[in-house]
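Chemist: This is a predicted model, with the sequence first.
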Amino acid sequence: MSVSAEPSNPSQPAAGATRLRRVAVVALLAIHGLLLAWGAATKSPTLNEPGHLVAGISYWTFNRFDVYSVNPPLVRLVAALPVMAAGCETNWKSFTSGPGARPEMAMGQDFCHANGRRTFFLVTLARLACIPFALLGGWYVHRWSRELYGDTGALLSLTVWCFSPLMLAHGQLITSDAAATALGLAACHGFWRWLKIPTWQGAAVSGALLGLAELAKTTLLVFLPLWPLLWIAFRLPEWRLMTARQWGREAGMLVLRIAIAFYVINFGYAFEDPLPRLGSFTFVSRSLSGLEGDAAQRGGNRFADTLLADLPLPLPRNYVVGIDLQRRDFETYHHEFFLAGRWSKTGWWYYYLAFLAMKVPLGTWLLLVLAATARGGQRPATTLRDEMVLLVPPLAILAFVSAQTGMNEHGRYVLPILPFFQVWIGRLGATIDAARRNTAAPLPIRARALLTGAGLVWGVGSSLCCVPHSLAYFNETVGGRWNGWRHLVSSNVDWGQDLLALDHFIATHPDAKGLTLAYYGGLEPAKVGIDCVSMRPDDADRLLALADWNAPGSGWTYFAFGATPAAGYNPAIVPPALVARLAATEPFARIGDAMMVFRVAKPAVSEEATGSEPTGPSHSE
């Protein structure tokens, strides 16, 4: 017997309205896909992407999953398929294995060097293969919002998803963040539907979706303990009506769901070394090795001599190894963290809140405030318990990642929380419907409807103004895209994606050939056809020695700085004094997402030395 009914449908809309809604959904998803494809084709590989791609190729080639094991393999498996079909050069010389091994970055560089300029085409193919994850996420945002809040709310939620700068930025990359975002929402939606109508089929479907989500990102393991708690909380108001048999039946469904999820995870690893014993691992994190410092790096296992040593784990060996490597990174990350102009070795508990405050459009924040203060907006069968299931998972993810202050560099770790709040924005659909259907609606309703429209237009317009440079999007609170590097670095703004824009700049400025580049990325630009040289420490000394970079001379020398180096990420190359000089100097050109080009005058050459008139500034060779 069903404990609670599925959300009831209101009166069926006219056939024309239904067709129009479907056209709108398809159009929004098509625009979303085209914007993602545009970015995928115009951006160079980011820092991690070559490693992701070569790892995926290694999985299919060697049927082993120890490259880039810090994250599950789903996205890399998908990304590698079109690249292998198109043909590529591979170079496995940098492969290493063993406790703590992380060869993927060196292997990614080898792959780029082996394929040269064709790397850009191959990475674009891999990115295009991953775009369906973002489209799937949009579909689930629309579906869940429609089931909770109706057609208007669903279109509102879908619009916010399709034009979200964070989704446009990461949905085009060969990284796990967008896939985890989409599949995490899909899994929670399946779990919610099972709570509404608890069937064995629903449990199996939600278990399969949970397994796929866990194959995208280990952060989503938080769902494993969370879902049973949500089940109990969801059923508490009805506990007097439920028999012991019903409780037992649903508990059995929970067990089935977890079993299917583990099966899907092992299937994703081709059943590599199933049910490994806990004591058989060599861990390198302090948490799991039980060791400190260099001893932990050599490896150990705090469970080896305990009763738990023979415990079989339901996860693949490399899945567990990846969790250990992630823990080590959080415990021993060597680099300082950057937020709002300050560097810190310890990080901030509010880092991700600050990230969201700067990277989510202000129009979207307005919609969230309106949704939080809206009265009602749900369909008749939608309850506070439904919204609890919608909102508790993203809050749990946010709390979990915020507690990891040992890695405050990548705001993308909170990407999986976005679609839940985008669904919640659908609450405002009822306000729009009330104002549209009743021209004499009370002033507060009409005002909220106008504010909802204004927030939507503001958010979408702000995002579109930055396309295809969405990775560097910042809202108006920090002055937009070109001020973002003063507040965040790395994958939040400049992740090495501007090499193609730099190549175009060099092609249109012949005197910039051979410019000096301070770059933060995963390949050597000169080896993929970019006419530049890497910046050295003495270049910084030379720049700082010049009082006036624009003084008349015998020509110009060009220096290009990615936003991450310009903020001082590598002080050996860009020392603090040069960081301050860059921040105070207007660039000659701003290109791509967040790269700045400075033009520095060459020393003047005297007539006696050249036998000719001194030359002035020139753009030609």
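Modeler: The structure has been received and is ready for your questions.

Chemist: list the contacts for Trp458?
Modeler: Trp458 makes contact with Pro361, Leu362, Gly363, Leu366 under the criterion C-beta atoms under 8 Å, 6 or more residues apart in numbering. Quick note: C-beta positions are derived from backbone N, CA and C, even for glycine.

Chemist: and the second one, what does it touch?
Modeler: Contacts for Leu362 (C-beta under 8 Å, 6+ apart) come out as Trp458, Gly459, Ser462, Asn475, Glu476, Thr477.

Chemist: coming back round to it: out of the contacts of Trp458, who has the most neighbours?
Modeler: Top of the contacts of Trp458 by neighbour number is Pro361, holding 26 neighbours under the definition other C-beta atoms under 10 Å.

Chemist: you'd agree that one is up against Ser462?
Modeler: Yes: using C-beta atoms under 8 Å, Pro361 is in contact with Ser462, at 4.5 Å.

Chemist: list the residues that contact both of those two?
Modeler: Listed as contacting both Pro361 and Ser462 by C-beta under 8 Å, 6+ apart are Pro165, Asn475.

Chemist: returning to what we had before: which members of the contacts of Leu362 are classed as buried?
Modeler: Of all these considered here, the ones buried according to neighbour count by 16 or more other C-beta atoms under 10 Å are Trp458, Gly459, Ser462, Asn475.

Chemist: Narrow those to those in strands?
Modeler: Using DSSP state E, no member of these falls within strands.

Chemist: Need those residues in TSV (columns: distance to Ala551 and pLDDT).
Modeler: Compiled in TSV, those are given as follows (distance: C-beta to C-beta, whole Å; pLDDT from 0 to 100):
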residue	distance to Ala551	pLDDT
Trp458	44	97
Gly459	45	97
Ser462	39	97
Asn475	38	97
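
Chemist: wait, which of these is closest to Ser534?
Modeler: When the buried ones among the contacts of Leu362 are compared for distance to Ser534 (C-beta to C-beta), Asn475 wins out at 33.1 Å.

Chemist: OK, contacts around that closest one?
Modeler: Contact criterion C-beta under 8 Å, 6+ apart gives Met358, Lys359, Val360, Pro361, Leu362, Ser462 as the residues in contact with Asn475.

Chemist: Using JSON lines, please lay out those residues together with distance to Leu582.
Modeler: Compiled in JSON lines, these are given as follows (distance: C-beta to C-beta, whole Å):
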{"residue": "Met358", "distance to Leu582": "20"}
{"residue": "Lys359", "distance to Leu582": "22"}
{"residue": "Val360", "distance to Leu582": "27"}
{"residue": "Pro361", "distance to Leu582": "27"}
{"residue": "Leu362", "distance to Leu582": "28"}
{"residue": "Ser462", "distance to Leu582": "26"}
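
Chemist: which one of the residues you listed is nearest Ser58?
Modeler: Of all the contacts of Asn475, the one sitting nearest Ser58 is Lys359; the distance, using C-beta to C-beta, is 32.9 Å.

Chemist: and the gap between Asn550 and Phe505?
Modeler: In this view, Asn550 and Phe505 are 18 Å apart by C-beta to C-beta, to the nearest Å.

Chemist: so what's Leu339 bridging to?
Modeler: Arg342 (DSSP bridges).

Chemist: Can you give me the pLDDT of the residue nearest to Met595 when sequence neighbours are not counted?
Modeler: Once its chain neighbours are removed from consideration, Met595 has its nearest residue in Asp498; the separation is 4.2 Å (C-beta to C-beta, 6 or more residues apart in numbering). Turning to Asp498, the model gives it a pLDDT of 95.

Chemist: let's have the chain start at 50 instead
Modeler: All set: I'll call the first residue 50, so the last point we hit is now Asp547.

Chemist: My read is that Asp547 contacts Gly611, right?
Modeler: Yes: the pair Asp547 / Gly611 is scored as a contact, 6.5 Å apart, by C-beta under 8 Å.

Chemist: For the two, list the residues in contact with both.
Modeler: By C-beta under 8 Å, 6+ apart, the residues touching both Asp547 and Gly611 are Ala643, Met644.

Chemist: what residue ranges in the protein are flagged as low confidence?
Modeler: 50-63, 425-430, 602-603, 652-670 (pLDDT under 70).

Chemist: Thr606 falls within a strand, correct?
Modeler: Yes: going by DSSP: H, G, I helix; E, B strand; the rest coil, the assignment for Thr606 places it inside a strand.
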